[in-house]
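[1] Let me see the structure of the following:
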Amino acid sequence: MNNFDFELFKRLSIFLNDKPDIIKEHHVELVSKSGLNNNYIAYLYLLRQFLDYDFDYSKIVKLENPKDYNTNSYYQDIKVSNKKYNNWTLKYAQYKPYELFISNDFRLVDDTILPTLGYFEKPFKYIAVYEADRLWMSITPNEINTMKDDINLANGNLLVAGLGLGYFPYMTSLKENVKSITIVEKDKNVINLFNKVLAKQFKFIEKIKIINDDFINYIKNNKINDFDFIYVDIYHDVSDGLPLYKEILSIIGNNIKDKIHFWIEKTMKFYL
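    Reported below is the predicted structural model:
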């Protein structure tokens, strides 16, 4: 049985929700100059002090390189300006220097389930949508990292649950071995936003078809066996993802379970 450090996760959860940017550049420089002579080690030292928990944070925290993301095709090709659409605002948000964030799925290290976290030393911007003042969707390093494997696997005729800001459809549409992408999205506001701003920037928009429907309803009333690859991303995190994960698997049956893939599935399986 794998180990799970509940105290570590509890403290990290509070930190990430309440004060992920509490460590500032001048804190890191002060600690580094005091004898550590290394900004990364200084950051880990400060993180340990704020969490007040003894742990080897080098196992879970990485200094991220902006080039790993800024060279991504979506980041290169899709641009937005600060515009409002009804109650929605599409704009660039950013991580502050040394702001801690979840960067990938959980990992198993020495029989222990651990989170994957990262930070940048300089401001890092990403595309985001706000409903009123609440962050609703974004394309962060977490989305890029957690979708990478499934994007590489995608082929043939795709069925995608959830449109969002179109990251998964865009990246898969660039692949020669992807013939078509059928997206099921229940929110008309999301579809309208996509059509007004993002669709015109898609290089292979002709591959994409959007259906306005609830995905559970769609798979109950349509044959999905003919799709070669199915990708589901209609939840915010594990808490609302697990019930949907179980429900969808129970509906589709065993004959096509090898075709269906879920966002942050590795993390959800650790919770299961």
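[2] Where do the helices of the stretch 1-150 of the chain begin and end?
    6-18, 25-31, 39-51, 67-70, 73-77, 141-153 (DSSP state H, counting those that start in this stretch).
[3] In TSV: those, plus mean neighbour count and mean pLDDT.
    Using the backbone N, CA and C atoms, a C-beta is placed for each residue, glycine as well. Formatted as TSV, the helices of the stretch 1-150 of the chain follow (neighbours: other C-beta atoms under 10 Å; pLDDT from 0 to 100):
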stretch	mean neighbour count	mean pLDDT
helix 6-18	13	96
helix 25-31	15	95
helix 39-51	18	97
helix 67-70	12	95
helix 73-77	14	96
helix 141-153	17	97
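[4] okay if I get those helices as CSV plus distance to Arg134?
    Below are the helices of the stretch 1-150 of the chain laid out as CSV (distance: least, C-beta to C-beta, whole Å):
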stretch, distance to Arg134
helix 6-18, 14
helix 25-31, 28
helix 39-51, 26
helix 67-70, 24
helix 73-77, 23
helix 141-153, 18
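[5] List the contacts of stretch 240-260.
    Outside stretch 240-260, the residues that touch it by C-beta atoms under 8 Å, 6 or more residues apart in numbering are 215-216, 219-220, 224-225, 227-232, 234-235, 262-265, 268, 271-272.
[6] I'd like to know which of those are buried.
    When the contacts of stretch 240-260 are checked for burial by 16 or more other C-beta atoms under 10 Å, the buried set is 215-216, 219, 224, 227, 229-232, 234-235, 262-265, 268.
[7] Could you point out the longest helix of this structure?
    In the chain, assigned by DSSP state H, the helix with the most residues is helix 238-252.
[8] Show the average pLDDT along the very next helix or strand once past that one.
    The helix or strand immediately downstream of helix 238-252 is strand 260-262, counting by DSSP states H and E. Averaging pLDDT along strand 260-262 yields 96.
[9] where are the low-confidence patches of the chain?
    1 (pLDDT under 70).
[10] Domain map for it?
    Domain assignment for the chain by automatic domain parsing gives 3-141, 154-271.
[11] Of all the ones you listed, which one is nearest Met147?
    Closest to Met147 of these, according to C-beta to C-beta: domain 154-271, at 5.6 Å.
[12] what's the span of the closest one, first residue to last?
    One end of domain 154-271 sits 25 Å from the other (C-alpha to C-alpha, to the nearest Å).
[13] got the contact list for the closest residue to Tyr92 other than its chain neighbours?
    Nearest-residue entry for Tyr92: Lys125, 4.5 Å, with adjacent residues in sequence omitted and distances by C-beta to C-beta, 6 or more residues apart in numbering. Neighbouring residues of Lys125 by C-beta under 8 Å, 6+ apart: Tyr92, Ala93, Gln94.
[14] And for the first one, the neighbour number?
    By the other C-beta atoms under 10 Å criterion, the neighbourhood of Tyr92 contains 13 residues.
[15] cool, Lys259 as well?
    Using other C-beta under 10 Å, Lys259 has 17 neighbouring residues.
[16] and if you look at Ala154?
    Number of residues near Ala154 (other C-beta under 10 Å) recorded here: 24.
[17] that older thread, Asn189 versus the residue nearest to Tyr92, what's the distance?
    Separation of Lys125 from Asn189 (C-beta to C-beta, to the nearest Å) stands at 24 Å.
[18] So Ser173 sits against Glu206, correct?
    No - applying C-beta atoms under 8 Å, one finds Ser173 not in contact with Glu206, separated by 9.1 Å.
[19] about what we covered before: need the contacts of Lys125 in TSV (columns: distance to Tyr75).
    Below are these laid out as TSV (distance: C-beta to C-beta, whole Å):
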residue	distance to Tyr75
Tyr92	11
Ala93	13
Gln94	13
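[20] of all these, which comes closest to Lys24?
    Of all the contacts of Lys125, Lys24 sits closest to Gln94, with 15.2 Å by C-beta to C-beta.
[21] ok so, going back, the more surrounded of Ser173 and Glu206?
    Legend: neighbour count by other C-beta under 10 Å for Ser173 and Glu206, higher for Ser173 (21 against 9).
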